[in-house]
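Asker: Sequence and predicted model, in that order:
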Amino acid sequence: MNDEKPPRAFHLMAKPTGSVCNLACRYCFYLCKDTLYPDSHFRMTDELLESYIRQLIESHPTNEVTVSWQGGEPTLMGLDFYQRSVEIQKKYQTPHMKVQNTFQTNGVLLDNEWCEFFHKHDFLVGLSLDGPQKYHDAYRTDKRGSPTFERVQRGARLLAKHHVKFNVLTAVHAANVDYPLEVYRFLRDDIDTQFIQFIPIVEIEKKLGKHRTYTVSGRSVNAKSYGRFLTTIFDEWVRKDVGCVFIQSFDVALEKWFGAPPSLCIFAPHCGTAPIMEHNGDVYACDHFVETKYLLGNITQTPITALITSETLDKFGQEKKDRLPQYCRDCDVLFACNGECPKNRFIQAPDGEAGLNYLCEGYQLFFHHINRPMRIMAELLSRNAAPASIMKVLREEDLSRAFAKAKRNELCPCNSGRKFKHCHGKK
Ligand code: SF4
Ligand code: SF4
């Protein structure tokens, strides 16, 4: 690669406060990254802001540019910073260009002013919320160890009140993994969100012996439980909510079954599509690999285009595929899973080879479970029909199974309120 021609569209997620956050969630992997910048104030300067926006817009050969803000906690920069950012975007964007801002936040600092701004400038906001209070507060605490649920829920209500487009990012961990329907129904019905992302928490705790095997923290999900979490929610979603609620892992799976390129790096064959930029302009290969070894350069010294097309990023991307263990290469759901994220590849495969994904058992369960409904939805899509039609197909199948089991004097499974013998069981 390395010919400095940028890909048609790319994401470069910016962290204007670096790792600085107003909370101290117990599973956060990013708080410790402040050690990379011991003398920093962790605030992106206006000069860098302008350079970032200008380069991002100029290096996109398409008419759609995404400006992604993340943290740490990006609201700590203050609203003025993003007002200036929008002004700068207007200064550089071409007449037909659409600039979409995305903004990932813990939600505790949101107020009417923030939400009016988000709505006015059509920001797509991601809100971190781990389900009902008892699950959310298990690990999402502030620096004093106090719970945050009520403040986040208030943020969610403000976003809804101001008609801000928002999705919910839910970390799945030891405290909520066994309560999939409670979590899902809370997000769907109480928070009233249509867009949900589930992120499994996997924290390596310590290395054991001379082999490359590790233990995980008590907060981490168990692989099989994570698989059950996804399949249980899938079963409810595929019968009731297709086309109304959008769950990222299900949407990406459908892309796979349909044969479209995946829009989420963890299930893509290669990495390298999700680099991040620290508060000082340093660009790293991925949010999960913010380490000196994966530093691509700084946008004040090297153009973004050159960083995005660098051999280092290319090599990082290719390694995801090259380092797949044989067990994955022989796997019948490799096309959907692709060995998931390399950061989780630290267990041994059954044949003893190192580098299998810790979540493998869960993904095998999930991808096998969804195979038939995914095939049906992909087939509907290929006929230009709505995938939501699957709900009718499954409802009819469920009903015929229930009719086959129903007793004559029981209520009819069709919910008519009549006895089975007077309804669908009539001879
Ligand atoms: S390392 Fe994981 S998160 Fe990073 S680009 Fe690869 S799959 Fe995505
Ligand atoms: S399900 Fe397991 S074996 Fe199959 S590709 Fe994923 S990690 Fe590899």
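Answerer: Nice, thanks for sending it over. Residues are numbered from 1 along each chain as shown. Ligands and ions are numbered 1, 2, ... in the order given.
Asker: which stretches of the protein have low pLDDT?
Answerer: Applying pLDDT under 70 to the chain flags residues 1-9, 207-213.
Asker: Can you name the residue of the stretch 51-200 of the chain nearest ligand 1?
Answerer: Relative to ligand 1, the nearest point of the stretch 51-200 of the chain is Ile199 (10.0 Å; Cβ to the nearest ligand atom). For every residue, glycine as well, the C-beta is placed using N, CA and C.
Asker: roughly how far apart are that residue and Gly107?
Answerer: 16 Å (Cβ to Cβ, to the nearest Å).
Asker: and those two? which has more neighbours close in?
Answerer: Between Ile199 and Gly107, counting by other Cβ atoms under 10 Å, Gly107 is the more crowded of the two (26 against 17).
Asker: Please give the number of neighbouring residues around Asn415.
Answerer: Going by other Cβ under 10 Å, the residues that sit close to Asn415 add up to 9.
Asker: what's the helix or strand for it?
Answerer: Counting by DSSP states H and E, no helix or strand carries Asn415.
Asker: Asn112 - how many residues pack around it?
Answerer: Neighbours around Asn112, by other Cβ under 10 Å: 10.
Asker: which residues touch it?
Answerer: Leu158, His162 (Cβ atoms under 8 Å, 6 or more residues apart in numbering).
Asker: What separation do you get for it and Glu73?
Answerer: Separation of Asn112 from Glu73 (Cβ to Cβ): 19 Å.
Asker: At the contact with ligand 2, which residues of this protein appear?
Answerer: Residues of the chain lying near ligand 2 by Cβ under 6 Å from any ligand atom: Tyr327, Cys328, Cys331, Val333, Leu334, Cys337, Gly339, Glu340, Asn357, Cys360, Tyr363, Gln364.
Asker: Any residues of this protein in contact with ligand 1? List them.
Answerer: Counting by Cβ under 6 Å from any ligand atom, the residues of the chain that sit close to ligand 1 are Cys265, Ile266, Cys271, Ala274, Cys286, His288, Lys320, Cys341, Pro342, Lys343.
Asker: Any chance of the backbone angles for the fourth one?
Answerer: Backbone dihedrals for Ala274, given as degrees, to the nearest 10, come out at phi -130, psi 50.
Asker: quick one: stretch 410-417 to chain centroid distance?
Answerer: 40 Å (Cα atoms, centre = their mean, to the nearest Å).
Asker: Flag every buried residue along it.
Answerer: For stretch 410-417, burial by neighbour count (16 or more other Cβ atoms under 10 Å) applies to Cys412, Pro413.
Asker: do stretch 236-244 as well
Answerer: By 16+ other Cβ under 10 Å, the buried positions in stretch 236-244 come out as Trp237, Val238, Asp241, Val242.
Asker: From the chain's centroid, how far away is that stretch?
Answerer: Worked out by Cα atoms, centre = their mean, stretch 236-244 lies 19 Å from the chain centre.
Asker: Then stretch 255-271?
Answerer: For stretch 255-271, the distance to the chain centre is 13 Å (Cα atoms, centre = their mean).
Asker: With just CA atoms, put that stretch into PDB.
Answerer: C-alpha atoms of stretch 255-271 as PDB (Å, rounded to 0.1, in the frame of the first residue of the first chain):
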ATOM      1  CA  GLU A 255     -24.100  -8.300   6.500                       C
ATOM      2  CA  LYS A 256     -21.900 -11.500   6.700                       C
ATOM      3  CA  TRP A 257     -24.800 -13.900   5.800                       C
ATOM      4  CA  PHE A 258     -25.800 -11.500   3.000                       C
ATOM      5  CA  GLY A 259     -22.200 -11.400   1.700                       C
ATOM      6  CA  ALA A 260     -21.600  -7.700   2.300                       C
ATOM      7  CA  PRO A 261     -18.400  -6.400   3.800                       C
ATOM      8  CA  PRO A 262     -18.600  -6.100   7.600                       C
ATOM      9  CA  SER A 263     -19.000  -2.600   9.100                       C
ATOM     10  CA  LEU A 264     -17.400  -3.600  12.400                       C
ATOM     11  CA  CYS A 265     -13.700  -4.300  12.700                       C
ATOM     12  CA  ILE A 266     -14.000  -7.200  15.300                       C
ATOM     13  CA  PHE A 267     -15.700  -9.400  12.700                       C
ATOM     14  CA  ALA A 268     -13.700  -8.300   9.700                       C
ATOM     15  CA  PRO A 269     -10.900 -10.400   8.300                       C
ATOM     16  CA  HIS A 270      -8.400  -7.500   8.900                       C
ATOM     17  CA  CYS A 271      -7.700  -4.800  11.400                       C
END
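Asker: who's in contact with the host helix or strand of Arg154?
Answerer: Using DSSP H and E, Arg154 falls within helix 149-161. Helix 149-161 has contacts (Cβ under 8 Å, 6+ apart) with 105-112, 114-115, 118, 125, 127-129, 133, 136-137, 140, 166, 168, 191-193.
Asker: That one: which residues count as buried?
Answerer: Across helix 149-161, burial judged by 16+ other Cβ under 10 Å covers Phe149, Arg151, Val152, Gln153, Gly155, Ala156, Leu158, Leu159.
Asker: And stretch 347-356, by the same measure?
Answerer: For stretch 347-356, by 16+ other Cβ under 10 Å, it's Ile347, Ala349, Gly355, Leu356.
Asker: secondary structure class for Glu205?
Answerer: Judged by DSSP: H, G, I helix; E, B strand; the rest coil, the three-state class of Glu205 is strand.
Asker: oh, and call the first residue 346 from now on, that's how I've got it
Answerer: Sounds good: first residue 346 from here, last item Glu550.
Asker: How many residues are close by it?
Answerer: Neighbours of Glu550 (other Cβ under 10 Å): 12.
Asker: From the residues of the chain next to ligand 2, list the buried ones, please.
Answerer: Applying 16+ other Cβ under 10 Å to these flags Tyr672, Cys673, Cys676, Val678, Cys682, Gly684, Glu685, Asn702, Cys705, Tyr708, Gln709 as buried.
Asker: Now do the contacts for the third one.
Answerer: When contacts are counted by Cβ under 8 Å, 6+ apart, Cys676 touches Cys682, Gln709.
Asker: any idea how far it is from Tyr639?
Answerer: From Cys676 across to Tyr639, the span is 27 Å (Cβ to Cβ).
Asker: re earlier: among the residues of the chain next to ligand 2, which ones are in helices?
Answerer: Tyr672, Cys673, Leu679, Cys682, Cys705, Tyr708, Gln709 (DSSP state H).
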